[in-house]
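S.K.: Have a look at this fold, sequence not included:
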């Protein structure tokens, strides 16, 4: 994973901090580019496997249509209320579809650990329920920028 951060190095997260943060957070905001060039942003649940961010998206969504046309994507995960509590991560790169779309549960070894992780994180169960409306997108980021204002003096 490339780190594109030059400014704010003193507030950027270390690798272990980044992994812990992305593993613990539940909601991200996903930005795509619409056909007219305007950005589209929407919230999604996600899973982080230590290398890639996995998004389970409705295949009949504007997000999905945008990514089929232009797979560039940016994702922000952030939290904090007061200025000194703000922290987050921006990941950007190219989204790749993994498995069938929409997902019906056909065997896909690459998705087995991701689906188990996602099912436990969001549903409290061991196996992923498939509704025939969603599919998996993988973002292995080309660039990562992070911040943790709690590190400021």
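M.R.: Ah, there it is. Predicted, not measured: the structure shown is a model, and the values here were computed from it.
S.K.: Could you list the low-confidence segments of the chain?
M.R.: Applying pLDDT under 70 to the chain flags residues 1-8.
S.K.: Can you identify the element that follows the longest strand belonging to the chain toward the C-terminus?
M.R.: Determined from DSSP state E, the single longest strand within the chain is strand 87-98. Where DSSP states H and E defines the elements, the next helix or strand beyond strand 87-98 is helix 112-118.
S.K.: and that following helix, what does it pack onto?
M.R.: strand 39-48, strand 53-58 (3 or more CB pairs under 8 Å, 6 or more residues apart in numbering; DSSP states H and E). Where you see a C-beta, it was placed from the backbone N, CA and C, and this is true even at glycine.
S.K.: how about CSV for the ones you listed, with mean neighbour count added?
M.R.: Conversion of the helices and strands packed on helix 112-118 to CSV gives the following (neighbours: other CB atoms under 10 Å):
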stretch, mean neighbour count
strand 39-48, 16
strand 53-58, 21
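S.K.: Could I get the phi/psi values of residue 70?
M.R.: Per-residue torsions, residue 70: phi -150, psi 100 (degrees, to the nearest 10).
S.K.: residues touching it, list them.
M.R.: Shown in contact with residue 70 (CB atoms under 8 Å, 6 or more residues apart in numbering): 32, 33.
S.K.: Kindly report the same for residue 43.
M.R.: Contacts of residue 43 by CB under 8 Å, 6+ apart are 27, 28, 29, 30.
S.K.: who touches the longest strand of the chain?
M.R.: 13, 18, 21-22, 53, 55, 67, 71-80, 108, 110-111, 135-150.
S.K.: likewise stretch 121-134?
M.R.: Against stretch 121-134 from outside (CB under 8 Å, 6+ apart): 26, 45, 47, 56-60, 102-105, 115-116, 118-120.
S.K.: Can you report how many residues neighbour residue 131?
M.R.: Residue 131: 10 surrounding residues under other CB atoms under 10 Å.
S.K.: Kindly report the same for residue 109.
M.R.: 6.
S.K.: Quick check: it vs residue 69, distance?
M.R.: 29 Å (CB to CB, to the nearest Å).
S.K.: Likewise for residue 140?
M.R.: On the measure of CB to CB, residue 140 and residue 69 end up 20 Å apart.
S.K.: Neighbour count: the two, which is higher?
M.R.: The residue with more neighbours, out of residue 140 and residue 69, is residue 140; 14 against 11, by other CB under 10 Å.
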